[in-house]
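Student: Just need the structure, nothing else, for what follows:
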Amino acid sequence: QDLFSTVWMTVSEGKTATVTAINKGVYGIITPNRAVTEECYKNLYKTNTMVRRPGVIGHRGNPSTAQENTLSGFNAAYSYGATAIETDFYRVADGVLMIMHDATIDRTTNGSGKTISFTSAQLKKYVVDYKSGIATQPIPSLEELLKSVKGDANKRLVLEIKHPNTDYVSAFINLLNKYDVMDQMVIIDFDKNNCNIAAMRKQLPGVPFGWLNYATIEDERPMESVSAALDTFQTNMTGCNPKYTGFGEISIREFAYRGMTIWPWTLRDQPGFDKLMIDGVGGITTDYSQWASSYIEEIHVNSAGRVISKTYNEVYTDVTNKAEFVVIEDTIGISWSNGKLNVPQNKKGGTASYFFRLKSTNPSGTTYYTVTNVVTIVDECATKGHSYASSITVQPGCLTQGERTYNCTGCGDNYTEVVAPLGHSHKPVVTAPTCTQQGYTTYKCDCGDSYVTDYTPAKGHSLVKYVCEVCDFVQDITIYFDNSIKAWKNVNAHYWNA
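Tutor: Just a heads-up that it's a prediction; the model follows:
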């Protein structure tokens, strides 16, 4: 869809296969039972359900907040949630392809003159400065842009041809091959008979083309509008890129029935943007990519069974408790409560399929819905018995209980059981007695708990000539000589010996 294509899908009999195709966002379903398909649309979906997320194309980057047609502007658009950026290029005097919208550089830069009359080096001396209050930016080359998006499938390009002849085609194709971006881009032009498109179509058969136009497409006479438009669009194998006025969900639907998508340009009012997002266009070209930021781009069920939403600007949120549980088919008796799928035990087997629906409101106050992928479960455990795999989900502590969860690998049934506290694991640390202090043993647990026991008495001094051999304690002594008495305290051993 991001490449101006429509996808149709052949489905087998049954609601699950049909809803799987619908939730994948296909434009058409080839079904053996039309009644089943109609029943699914009628009973399982609400008005304004967006099974396909519309593309958001940053027009020349994001000129509402950044300088037009600059790398900083392109990055701004992508960061706000643009699924692609639209830009324009010319082949300049030295053969380099440079990004510029106008035939002159007067409006957007601090220079003046025809764009194609400059060399790339000369253009690099000027800056884009048309938007006041925002930092000026260099004029980028097409190669710089291709290099910045190479390998990132979330950064698509819509390239509008501005050059008046075909002398750029060889250089253009060489760049596309060098950076391997052909599967990330669409080429558009106002002239459906332009020699550029004819020249490139032969060399780029896998690259889609879009025709920019002022075609009159009106909901008031949709069949007349569609009939006239399709003769041109399908003959030239192009997507429809009309000016955004005059059409709505009726025309969009009639085009989609015939394998065409509508990509209007250029939206500069938010109510109009919000309306077309809900109406179901293939994508919208706008100067205000930030208007898409808060829209839910998609929701999905992850491997843990949680429902996760993603906005256009890539904010992920667990919306399990907000999402609505929608059962497609069920011979098991499944239910959903407190964020958990309940599968009854002691049943006789069967299958069930379901998806989730999330209700949201856009900035204009319109309610819309997004849906997840389809989840199918097959219960074979009723006859074969459950096959549980267990894992500790809450680790027990020394004094606190833990939890072990058992999950059936066959049907998803699960239960938990309490894991008893581990109890303390004390390890002894011995403190030996000294001459004057008793010894003891400290028992320590990794959790910090400890106690002391196993006391042993102090050893006492081991005196040799009044000096302890262990701790150098010296006993107080009285020495008699020359009929005099002197009391010496703490006499060192060598004094005594002397």
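Student: Go through stretch 142-161 and flag the buried ones.
Tutor: 142-143, 145-146, 149, 155-161 (16 or more other CB atoms under 10 Å). Bear in mind the C-beta positions are built from the backbone N, C-alpha and C, glycine included.
Student: Need the max-distance pair from these.
Tutor: Using CB to CB, the two most remote members of those are Lys155 and Ile161, lying 20.2 Å apart.
Student: what about the stretch 151-300 of the chain, any weak spots by pLDDT?
Tutor: 192-196, 215-216, 232-238 (pLDDT under 70).
Student: pretty sure Gln137 is touching Pro63, no?
Tutor: No. Contact criterion CB atoms under 8 Å: Gln137 and Pro63 do not qualify, at 11.6 Å.
Student: Do you have the helices of the stretch 51-200 of the chain handy? List them.
Tutor: 71-80, 120-123, 142-149, 169-179, 195-203 (DSSP state H, counting those that start in this stretch).
Student: so what does the longest one touch, helix or strand wise?
Tutor: Judged by 3 or more CB pairs under 8 Å, 6 or more residues apart in numbering; DSSP states H and E, the packing partners of helix 169-179 are strand 97-99, helix 142-149, helix 195-203.
Student: still on that earlier bit, more neighbours, Gln137 and Pro63?
Tutor: Set side by side, Gln137 and Pro63 show more neighbours around Pro63, with 25 against 20, by other CB atoms under 10 Å.
Student: Alpha carbons of the strand or helix carrying Ala352, as CSV, please.
Tutor: For Ala352, the host element (DSSP states H and E) is strand 350-361. C-alpha atoms of strand 350-361 as CSV (Å, rounded to 0.1, in the frame of the first residue of the first chain):
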residue,chain,number,x,y,z
GLY,A,350,-12.2,-27.7,19.3
THR,A,351,-10.9,-24.4,17.9
ALA,A,352,-11.4,-20.8,18.6
SER,A,353,-10.3,-17.5,16.9
TYR,A,354,-10.5,-14.0,18.1
PHE,A,355,-9.0,-10.5,17.8
PHE,A,356,-9.0,-7.3,19.8
ARG,A,357,-10.6,-3.9,18.9
LEU,A,358,-9.3,-0.6,20.3
LYS,A,359,-11.5,2.5,20.4
SER,A,360,-9.8,5.9,19.9
THR,A,361,-10.7,9.5,19.2
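Student: Only alpha carbons, please: show the helix or strand following it as PDB.
Tutor: Counting by DSSP H and E, the next helix or strand C-terminal to strand 350-361 is strand 367-371. C-alpha atoms of strand 367-371 as PDB (Å, rounded to 0.1, in the frame of the first residue of the first chain):
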ATOM      1  CA  THR A 367     -14.200   8.000  17.100                       C
ATOM      2  CA  TYR A 368     -12.300   5.400  15.100                       C
ATOM      3  CA  TYR A 369     -11.200   1.800  15.800                       C
ATOM      4  CA  THR A 370      -8.100  -0.300  15.100                       C
ATOM      5  CA  VAL A 371      -7.900  -4.100  15.200                       C
END
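Student: For strand 367-371, name the packing helices and strands.
Tutor: Using 3+ CB pairs under 8 Å, 6+ apart: strand 367-371 touches strand 296-301, strand 350-361.
Student: So what touches it?
Tutor: Residues from elsewhere that reach strand 367-371, judged by CB atoms under 8 Å, 6 or more residues apart in numbering: 23, 45-46, 48-51, 53, 277-278, 296, 298-299, 309, 326, 355-362.
Student: go with 7 Å
Tutor: 23, 46, 48-51, 278, 296, 298-299, 355, 357-362 (CB atoms under 7 Å, 6 or more residues apart in numbering).
Student: Of these, which count as buried by neighbour count?
Tutor: 23, 48-51, 278, 296, 298-299, 355, 357-360, 362.
Student: Which one of the residues you listed is nearest to Ile377?
Tutor: Phe355 (12.5 Å).
Student: List just the nearest of the buried residues of stretch 142-161 to Gly439.
Tutor: Lys155 (72.3 Å).
Student: and the closest one, what does it touch?
Tutor: 78, 149, 184.
Student: which of these lies closest to Val7?
Tutor: Checking those one by one against Val7 (CB to CB), the nearest turns out to be Gln184, at 17.7 Å.
Student: Roughly how far does the closest one sit from Ala153?
Tutor: 7 Å (CB to CB, to the nearest Å).
Student: closest to Asn313 among the contacts of Lys155?
Tutor: Looking across the contacts of Lys155 and measuring by CB to CB, the closest to Asn313 is Tyr78, at 9.3 Å.
Student: pLDDT score assigned to the closest one?
Tutor: Note on Tyr78: pLDDT of 98.
Student: Which residue lies closest in space to it, excluding its sequence neighbours?
Tutor: Lys155 (5.8 Å; CB to CB, 6 or more residues apart in numbering).
Student: so which two of the buried ones among the contacts of strand 367-371 are the farthest from each other?
Tutor: So, these by CB to CB: farthest apart are Phe355 and Asn362, at 21.6 Å.
Student: Surely Thr136 and Asp129 touch.
Tutor: Yes. Between Thr136 and Asp129 there is a contact under CB atoms under 7 Å: 4.4 Å.
Student: And for the residue positioned nearest the centre of the chain, nearest residue in space, chain neighbours not counted?
Tutor: Residue closest to the average C-alpha location in the chain (CA atoms, centre = their mean): Glu314, at 4.9 Å. Spatial nearest neighbour of Glu314, excluding adjacent residues (CB to CB, 6+ apart): Gly81 at 7.4 Å.
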